[in-house]
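1. pasted the sequence and its predicted model underneath.
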Amino acid sequence: MVNYNGPMAALPQLEIVRDPARAAAMMQPVRLRILHELREPRSASSIGRDMDLPRQQVNYHLRELEKEGFLSFVEERRKGNCLERIVQATAQSYLISPEALGQLGPSPEIQRDRFSAAYLVSAAARIIRDLAVLGLRARRAGKRLSTLTVETEVRFRTAADRHAFTEELTTALASLTTRYHDSASPEGRTFRFVVGAYSAITKQQDDGPGGAQLD
């Protein structure tokens, strides 16, 4: 139950966690639950009541999360003879960047087959890493990060149709690149485009917590 009556802070939709130590500090079941509860400003006592945890234990986790930059201070509020600290998560959701794995993180540079699932995952990992860096630079400059997302689903009748679609898409992308790319423009900005494809998930089932090996 949220009992905060002050002004709501506008949270970023997503924060990408790049540092291994920060990722480790966050990835505890209790702390993940606390971050979920703190999408709105709350105190340690109110979280403790909802999670059935002692206030001292909640305070310990709050201190660790705040030390790693996952919480922001909102205000102090008097309750009886005590002052309660009201804090809030720094984002609505979090994503751990593959760079937190260091050299074990996926990289398209070490993948050779562009038609493999592993290459697609590696490309997606590079996008996450790049967006983390660019987002940080944009915030420092007080600017909005320019992005574009194009997403659709296509149901192919046959594998031959899928192959033909791939050929036409590749040709169209090459034509557009030739038309609009200008490597000599001093005022230009370079954008990276990634077009990926994978089978849509049409059946919902419990896949369990295990990982998957991709080739």
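-> Cool, the structure landed.
2. quick check: closest non-adjacent residue to the residue most central in space within the chain.
-> Most central in the chain under C-alpha atoms, centre = their mean is L95, positioned 3.2 Å from the mean C-alpha point. Using C-beta to C-beta, 6 or more residues apart in numbering and skipping residues adjacent in sequence, the residue nearest L95 is I16, 5.2 Å away. (C-beta placed from N, C-alpha, C; glycine too.)
3. picking up where we left off before, quick one: the residue nearest to the centre of the chain from E153, how far?
-> In this view, L95 and E153 are 23 Å apart by C-beta to C-beta, to the nearest Å.
4. hey, where'd the helices end up in the chain?
-> Remark: helices assigned in the chain by DSSP state H are 20-26, 29-37, 44-51, 55-67, 117-141, 159-180.
5. now for these, which one comes closest to A100?
-> The closest of the helices of the chain to A100 is helix 20-26. By C-beta to C-beta, the value is 4.7 Å.
6. show me what R85 bridges to in the sheet.
-> With DSSP bridges as the criterion, R85 is bridged to E76.
7. pretty sure it contacts E76?
-> Yes - judged on C-beta atoms under 8 Å, R85 makes contact with E76 at a distance of 5.8 Å.
8. quick one, which of those two is more surrounded?
-> Between R85 and E76, R85 has the larger neighbour count (other C-beta atoms under 10 Å), namely 16 against 10.
9. just the pLDDT for that one.
-> R85 is assigned a pLDDT of 92 by the prediction.
10. check contacts around it.
-> By C-beta atoms under 8 Å, 6 or more residues apart in numbering, R85 lies in contact with 43-44, 73, 76.
11. can you check Q204 too?
-> Q204 touches nothing, counting by C-beta under 8 Å, 6+ apart.
12. picking that back up, wait, the residue nearest to L95 touches A91, no?
-> No - counting by C-beta under 8 Å, I16 stays clear of A91, with 9.2 Å between them.
13. could you chop this protein up by domain?
-> 14-94, 101-149, 153-181 (automatic domain parsing).
14. comparing the ones you listed, which yields the minimum mean pLDDT?
-> Minimum mean pLDDT among the domains of the chain: domain 101-149, a mean of 85.
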